[in-house]
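# only the shape, not the letters, is given here:
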């Protein structure tokens, strides 16, 4: 196969990581262009990766005929409009999560993609973490029966620039991973209602600014299963991503925060090192998702997680926001 | 020390286990009398343990001057009245959980015990499981900082005689363990409100009878911590009791369902055996709690978990029942 | 059953522990007499345990008709002569390992026991550790096929009074546990030859005194299996006892030095606490072996590990001594 | 940097894997030529990887000026002669282990490489497995003090084509990994003597052909440390590579055969899946070693494991062969 020629929109932290993956870690893709409204970002990365085309305006990248597919790694609130623009330009689209932050945006993005007939894959990387991939497979093979209790959690290693975190980020950008994960692990059901508790426990001084840094969500599903999603922005021990699915015939436990399998025994007891960065803990998942995306673009197959998956996870996040506002249970509007 | 002379009230499954502990597994106690309204139960156990005094009416046991302390292992709904009667008889009291099933009963029992000046210990055995005991200690030593997220779960190995399970058992008899555990692990705060989801997922046919066999509860505490308690009556893999406390300085993970540490590697992969009975998984905890009780009786010291601990856990259970009835968040009334 | 009336010979560290087990931790035994040539030792323990009979001369204890069975916990070099004396006195015998330190002594002890028709159980406690018990059972059930590679190790937590350790202690008193364990885990074969490496690595200054504090032994068995036994007198992380059996159909891994299952996650990573004392790590095993012994005495059944087991393990230890002396492979003389 | 142009000599199983790594998994290398005396092998791989140059005679590949560096993945007995030829051709050399099978060959290869001033890296991939890399680092940082007891083991998942396995393969090709690992983990000492036990336990019918499929080796080091190396050609549960280093200040335990971290709980207990192929278990290590090699070639730095490392591991293997032949301890001749 010839390598898929990829353009990157957004050269921040995640954009740089994805761009590096496309440029250096894959056999089926190459990075041909980078766009960032703050052009020095794009130039720095292009220089580092040996990419010759740099654009200030992402629209120029979308107009570049060499570019077959794009990675959208801009701020979350702009994702859906770039998805629409990329679809209209006929590009394959890898969009970082969340694809949208309102239900209308989500529908518009899905419609634009459908109309253009392009591939759209959402950056719910957790589906590509070995444990979660295998769990998804075994659940679909009915190895643990019908899911009854589920859990998914995300704990980020540290809260930086807390002042600049947009309102509702914990639901729209963090827990949305967990919502998609739970949907993925309970595949024959839809979310029905949520109850969300959230607070600013790490930075209570910023609660009035709208910061929520800790949240627990209970989700009821149409098959009766009850799921818990949990997030916190500051786990001193590292980056923590885990899951659990309890079904009628068994349980699967997922996730591991050890840096490696080495075990140390000293006078202080037994110890292991932990992963401190998502890009360490989930490195392989990030590469695997991009590899799948390039394959789907090249062979014109439909990737998952899809736009509809994004919409479904978003619906849970929006219900959580409603629940926090009202202090009551909120329905999930699909 | 001379052994504490114990009388057992209730010779069912747990009563027989506790009676055997008092009779055979402790150096500081002996079992001198057994009462059970169904006298053959008492006689069978007395015969097995070499106990000479058997009573049909527990009141006769309470009137027996040889008896210094009693173990109350009758049906849950009768606990508080036997606590009151035992207190009035001046006996030390070990009462299986729940101590009471209404707030009034709880208050009456606590008042009777206070008036009589006797010891009262509640059978929240989980505080005596090594992992949980150590966690309680380390949390009090501030080793993981202020608790922010907590989890406690109970999964029973199998649902038997589901038709005969009293209404609200999942909260009043099962999750009450988890509520006490969470209170124990978040010692400087009080529960404020709950949201409970519950269903009959294992036996949906019995939902109309009032059976709830699966439940997830979110509890907000006065220090901002958010806790999740989870129960299910049928874990095919064994008896599952675990906990997790996430704080500002670290996390503790508690519980282990392996039967032992042997690991088996075969053509099918790696495997471990699990514990299938609470009395296997928690054997040491059951013995430890009774040993503490006998010591407190002998040396006239005040045991924990106390009547107030029982009342606090009950308040959460009652709020859960309210939450299920209304489908809304319910306050915890302390 | 009536409790077995036990006399303790030797009130040192292990004697005190075993005496306490007989006195307080068992339902089927009681401690009625204690003998120790250093009488204050016996008196202190008798006082602590409420035992009324104290002897300076163990022969007087053996002459006591109330005593049904004895625990021999004297220095290793005197075990066999006390076994013989106890057998001649018609007492059931629990003898700490090693039963003997020469082949002739072992034969004499076995003969005396056979002639007297009394029970003899050797204190190879590892057979009573859950993991090892289950492994023995599964190997006999052929669940991992024919053993091909075995490993057993003992690491003591600290080297104290190194100057007073008798020559060859590492083989005769420490590794003899591992030799019996390996024999137990490879039940259909006999040890054939050994190669032993040993050194004074912890206290090289005492090597000229005959101290060996570190040893690795390779044992060839008659079924072709090759076993490794390993010991060290100073593991800074705690008391470490493990095993591994690799067979044609699978592998079993045995042993666990964690103090409990609690896992701590902090900024320094993940940590567990370890057991620091054999009497913590192996507590249940010590109680279980003594419980079995009392049952065998009461019901006149033959216990294992037997005198022949002791002789077989000793034969390996003696071959190791020969191997260290010659620097060459030595045959195991059964 | 410009990619290092690599030529592959030997397109068998490992050669194909290494060739694929050079062609597709690295950012700093590309595969430009493939040679295999059985030309269809080379052609098949070249076709698969899009490599245009195919040679039947490796000498022609060595004469190709475009080729900067070579991967030698021919049968073990031919390695040293290809190392010499490649050195004389001025190519950087990655040579699969063992670099040589006699001491003379090892010296000749090292001399040729020194004379030519080219890079030589040996395929002791275990040094690049995360656990082992970190252990090597921590040992050098003195975090566990002076090594006293070491263990390294290799268990292959299945014995195929046993009839064709060259004599002494278990030492020269399998355990040589463990010998290098032990040398790496005990960096300030030299091996002094060995005692090796080996047998044909899996295929006893082939023992007369010279097959040895199971071996245990004890190695004494100049710092007093005693190491055990263990190998078996048929572990039914998967590919098993582990290590342990016990030192004066602690122990490190290395290796993990789980396929991922997912844990499955069912009515049969707890289970994990295992890795069945070295190229799964050690995938990252294979990529990391080749990446290091390409960097060393490009930047003209000296890689490890070196020719001298290969020679040292070989010396242990040769001493093992001597030990098996004589049934006695054999010196390691460095």
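Right, received. Where do you want to start? Please read all numbers here as calculations on a predicted model, not as lab measurements.
# nearest the middle, which residue of chain A would you pick?
Per CA atoms, centre = their mean, the C-alpha nearest to the average position across chain A is that of residue A:124, at 3.3 Å.
# that one reaches residue A:178, doesn't it?
No - using CB atoms under 8 Å, residue A:124 is not in contact with residue A:178, being 9.9 Å away. No exception for glycine: its C-beta is placed from N, CA and C like everyone else's.
# lowest-scoring secondary structure element of chain A by mean pLDDT?
Least confident element among the helices and strands of chain A, by mean pLDDT, DSSP states H and E: helix A:278-281 (a mean of 89).
# now the element after it, going C-ward?
Tracing the chain past helix A:278-281, the next element assigned as helix or strand by DSSP states H and E is helix A:283-299.
# just confirm yes or no for that following helix near chain D.
No - Helix A:283-299 stays clear of chain D (CB under 8 Å from any CB of the partner chain), getting no nearer than 8.8 Å.
# that helix packs against which elements?
Contact partners of helix A:283-299 among helices and strands, from 3 or more CB pairs under 8 Å, 6 or more residues apart in numbering or on different chains; DSSP states H and E: strand A:4-9, helix A:13-20, strand A:29-35, strand A:69-72, strand A:92-95, strand A:120-122.
# any idea of the mean pLDDT in that helix?
Computed over helix A:283-299, the mean pLDDT rounds to 97.
# how far does the helix or strand just after that helix sit from the chain's center?
With elements assigned by DSSP H and E, the helix or strand that comes after helix A:283-299 is helix A:307-326. How far helix A:307-326 lies from its chain's middle: 14 Å, per CA atoms, centre = their mean, to the nearest Å.
# is helix A:307-326 in proximity to chain B?
No - judged by CB under 8 Å from any CB, helix A:307-326 and chain B are separated, with a smallest distance of 9.4 Å.
# now for the helix or strand just after that helix, which elements pack on it?
Note on helix A:307-326: by DSSP H and E, the next helix or strand toward the C-terminus is strand A:330-331. In this structure, strand A:330-331 packs against strand A:191-199, helix A:307-326, with contacts taken as 3+ CB pairs under 8 Å, 6+ apart.
# what about residue A:46, how many neighbours?
Residue A:46 has 24 neighbouring residues, counting by other CB atoms under 10 Å in any protein chain shown.
# sticking with it, tell me its helix or strand.
With DSSP H and E as the test, residue A:46 turns up in helix A:39-49.
# could you do residue A:149 as well?
Residue A:149 is part of strand A:147-155 when elements are defined by DSSP H and E.
# let me see the contact set for residue A:263.
Residue A:263 is in contact with A:270, A:271, A:272, D:252, D:253, counting by CB atoms under 8 Å, 6 or more residues apart in numbering or on different chains.
# about what we covered before: so what sits against both of residue A:124 and residue A:178?
In terms of CB under 8 Å, 6+ apart, residue A:124 and residue A:178 are not both contacted by any residue.
# hang on, the earlier thing: so which elements touch whichever helix or strand comes after the strand holding residue A:149?
Using DSSP H and E, the helix or strand that directly follows strand A:147-155 along the chain is helix A:169. Contacting helix A:169 under the criterion 3+ CB pairs under 8 Å, 6+ apart is no other helix or strand.
# what distance separates helix A:169 from the centre of its chain?
13 Å.
# now do that helix, average pLDDT.
Helix A:169 carries an average pLDDT of 97.
# can you list the residues of chain A near chain C?
Residues of chain A lying close to chain C by CB under 8 Å from any CB are A:235-238, A:240, A:257-258, A:265-274.
# now do residue A:17, the pLDDT please.
97.
# how close does the closest residue to it other than its chain neighbours get to residue D:260?
Once flanking residues are discounted, residue A:17 sits nearest to residue A:279: 5.6 Å by CB to CB, 6 or more residues apart in numbering or on different chains. Separation of residue A:279 from residue D:260 (CB to CB, to the nearest Å) stands at 19 Å.
# just to revisit the earlier point, ok, which of the helices and strands packed on strand A:330-331 comes nearest chain D?
Chain D sits nearest to helix A:307-326 of all the helices and strands packed on strand A:330-331, at 21.4 Å, using CB to the nearest CB.
# in that closest one, what's buried?
Judged by neighbour count using 16 or more other CB atoms under 10 Å in any protein chain shown, the buried positions of helix A:307-326 are A:307, A:309-324.
# next: stretch A:40-52.
Here stretch A:40-52 shows A:41, A:42, A:43, A:45, A:46, A:49, A:51 as buried, counting by 16+ other CB under 10 Å.
# I'd say residue A:4 and residue A:29 touch.
Yes - contact criterion CB under 8 Å: residue A:4 and residue A:29 qualify, at 4.7 Å.
# picking that back up, what about the residue nearest to residue A:17, how many residues nearby?
That count, for residue A:279 with other CB under 10 Å as the rule, works out to 17.
# which among the residues of chain A next to chain C count as buried?
For the residues of chain A next to chain C, a neighbour count by 16+ other CB under 10 Å gives the buried set as A:235-238, A:240, A:257-258, A:265-266, A:269-274.
# what residues go with each domain of chain A?
Following the assignment in automatic domain parsing, chain A carries domains at A:4-118, A:126-282+A:313-331.
# returning to that earlier point: now the strand holding residue A:149, how far from the centre of its chain.
Taking CA atoms, centre = their mean, the mean C-alpha location of strand A:147-155 is offset from the chain mean by 16 Å.
# does chain B have contacts with it?
Yes - judged by CB under 8 Å from any CB, strand A:147-155 comes into contact with chain B through A:148, A:149, A:155.
# what's the closest of those residues to chain C?
So of the residues of strand A:147-155 next to chain B, ranked by how close each gets to chain C (CB to the nearest CB), first place is residue A:155, at 9.8 Å.
# and the closest one, how many residues sit next to it?
Per other CB under 10 Å, the neighbour tally for residue A:155 reads 24.
# name the residue of the stretch 1-150 of chain A that lies nearest to chain C.
Chain C sits closest to residue A:131 of the stretch 1-150 of chain A, with a gap of 17.2 Å, by CB to the nearest CB.
# quick one: residues contacting that residue.
Per CB under 8 Å, 6+ apart, neighbours of residue A:131: A:243, A:254, A:255, A:256, D:260, D:261, D:262.
# quick one: residues contacting the closest residue to residue A:243 other than its chain neighbours.
Once flanking residues are discounted, residue A:243 sits nearest to residue A:254: 4.0 Å by CB to CB, 6+ apart. Counting by CB under 8 Å, 6+ apart, residue A:254 touches A:129, A:131, A:132, A:135, A:242, A:243, A:244, A:245, D:261, D:262.
# and with 7 Å instead?
A:131, A:132, A:135, A:242, A:243, A:244, D:262 (CB atoms under 7 Å, 6 or more residues apart in numbering or on different chains).
# let me know the angle separating the helix holding residue A:46 from strand A:4-9.
150 degrees (axes from the mean of the first three to the mean of the last three CA atoms, to 10 degrees).
# do helix A:39-49 and chain D meet?
No - counting by CB under 7 Å from any CB of the partner chain, chain D is not contacted by helix A:39-49; separation bottoms out at 9.6 Å.
# got the contact list for that helix?
With contact meaning CB under 7 Å, 6+ apart, helix A:39-49 is reached by A:11-12, A:16, A:19-20, A:23-24, A:31, A:34-36, A:54-56.
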